[in-house]
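1. Show me how the following folds:
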Amino acid sequence: MAAADDDVTRFADRLARLKARTDRSYAALARRLGMNASTLHRYCAGEAVPLDFAVVERFAALCGASSQERVELHRLWILAVAQRRFPPA
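-> Sure thing, here's the model as predicted:
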């Protein structure tokens, strides 16, 4: 697995673990976030990375993430976005 995939995968895994802590479906969480459930699922599956951290921050809040978890999530998001924007040639 390439380093780019590793960063995206780590970010997606963190999102999926936060989602798993809730009793809410993708559809229920997506409604609260004002987005489509399939988009949220793509983020948690590593198929897409949001270009704006605000949606990630709101998602983390809905899932009960601690301040420390949010900081780590932001770090992982920055790496994932960078990898998706600047893939190796």
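2. C-alpha from now on. contacts and neighbour counts both.
-> Fine.
3. Please list all residues in contact with the most centrally placed residue in the chain.
-> Most central residue of the chain, judged by C-alpha distance to the mean C-alpha position with CA atoms, centre = their mean, is L15 at 4.4 Å. For L15, the residues meeting the contact criterion (CA atoms under 8 Å, 6 or more residues apart in numbering) are 43-44, 60.
4. The worst-scoring helix or strand of the chain on mean pLDDT: which residues count as buried?
-> Taking mean pLDDT, DSSP states H and E as the measure, the chain has helix 3-20 as its least confident helix or strand, at a mean of 90. Residues 4, 7-16, 18-19 are the ones in helix 3-20 that count as buried (16 or more other CA atoms under 10 Å).
5. Equivalent analysis for stretch 27-46, please.
-> If you call a residue buried by 16+ other CA under 10 Å, then stretch 27-46 has these buried ones: 29-30, 33, 37, 39-41, 43-46.
6. Excluding covalently adjacent residues, which one is nearest to R58?
-> L33 (6.9 Å; CA to CA, 6 or more residues apart in numbering).
7. in this structure, what spans have low per-residue confidence?
-> 1-5, 87-89 (pLDDT under 70).
8. Could you pull out the helices in it for me?
-> With DSSP state H, the ranges of helices along the chain come out as 3-20, 26-33, 37-45, 53-62, 67-85.
9. surely A45 meets A12?
-> Yes: A45 lies in contact with A12 (CA atoms under 8 Å); the separation is 5.8 Å.
10. picking that back up, and the least confident helix or strand of the chain with helix 67-85, angle?
-> Per axes from the mean of the first three to the mean of the last three CA atoms, to 10 degrees, the angle that helix 3-20 makes with helix 67-85 is 140 degrees.
11. Just want the angle from helix 3-20 to helix 26-33.
-> Helix 3-20 and helix 26-33 meet at an angle of 90 degrees, taking the same axes, to 10 degrees as the criterion.
12. Can you get me a residue count around the residue nearest to H74 when sequence neighbours are not counted?
-> Beyond its immediate neighbours in the sequence, the residue positioned closest to H74 (CA to CA, 6+ apart) is F53, lying 7.4 Å away. Under the neighbour criterion other CA atoms under 10 Å, F53 is assigned a count of 15.
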